[in-house]
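Participant: Just to be clear, the model below is a prediction. Sequence and coordinates:
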Amino acid sequence: MAGGITTPGQTVSRRLLMVLDCFDVAHPALTLTQVARRSGLPVSTARRLIGELCAWGGLELLSDGRYRVGMHLWRVGSLAPRQRDLRESAVPYMHDLYQATQENIQLTVLEDQHALCIEKINSNKSVPTKTHVGGHLPLHATAVGKALLAFAGEDFLRVLLDTRLPRLTAYTITEPGRLVAAMAGVRKGGVAFSLEEMTLGAVSVAAPILKVDGTIRAALGIVAHSHTALDRLVPAVRTAALGIARSMG
């Protein structure tokens, strides 16, 4: 124990990380009380740690008394090489894809058992989406998720199938046998589809962005209205994904 911490095994640095973990896409700004509740820390401890983070620039105090992630922490996070290099390579292709389709464009990577959105382009002519940069998408119910899942390896797929997959709409595939068959189809065709499986009224198509050795790097997807003919979008998203892969070597 250190620094007055009463819980064995929790260092000061661990508690600082617990405070930062309270902030996410759904909770970008929090009060002191909310941080204490979400982290499980005493209010006095949370206040002290928040003060240290604010002094460093990891958090900043808003005029309404809430806290949000500070610019210093954002600058540090932006140095993460995998996401920075991938985003820099992908953005030009994403803009070309948007200009060609006028639909929503998403770039995702695999994180734990989710698809993490690291870049997106919204279209005011397409279906509204709730996806945020830094937000998670389900692997089994989205096209980008399926594109990642199909090339993540059999062991990863087996672990996911051992969990209880949520049925988000009446069209969501949750049965292990159907999902395994769908993944085989993605690997064979090089493209994944989601037909109102996450949100009613929305469909999507995605292509994997593969490394030279054939393992998954990321997935590029298009989200559109359910009446959209996805087949016409397949060549565009596949070509863009291949271009990103080649630009990254």
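Facilitator: Cool, got the structure.
Participant: Quick one: the strands in this protein, in order.
Facilitator: Per DSSP state E, the chain carries strands over the ranges 29-30, 59-61, 67-69, 104-111, 114-121, 136-138, 192-195, 202-210, 216-225.
Participant: partners of the second one in the sheet?
Facilitator: According to DSSP bridges, strand 59-61 forms sheet pairs with strand 67-69 (antiparallel).
Participant: Work out the gap between the partner strand and the centre of the chain.
Facilitator: 20 Å (C-alpha atoms, centre = their mean, to the nearest Å).
Participant: what's it in contact with?
Facilitator: Here strand 67-69 makes contact (C-beta atoms under 8 Å, 6 or more residues apart in numbering) with 20, 23, 28-32, 35, 50, 54, 58-62. (Glycine included, C-beta is placed from N, CA and C.)
Participant: Now do the contacts for residue 149.
Facilitator: 139, 140, 156, 157, 160, 183, 186.
Participant: can you tell me which residues contact the last one?
Facilitator: Residues near residue 186 by C-beta under 8 Å, 6+ apart: 146, 147, 149, 150, 151, 192, 208.
Participant: Could you rerun that using 6 Å?
Facilitator: The contact partners of residue 186, by C-beta atoms under 6 Å, 6 or more residues apart in numbering, come to 146, 150, 192.
Participant: if I look at the second one, how far off is residue 134?
Facilitator: Computed with C-beta to C-beta, to the nearest Å, the distance linking residue 150 and residue 134 is 24 Å.
Participant: for the contacts of strand 67-69, which one is nearest residue 71?
Facilitator: residue 60 (7.5 Å; C-beta to C-beta).
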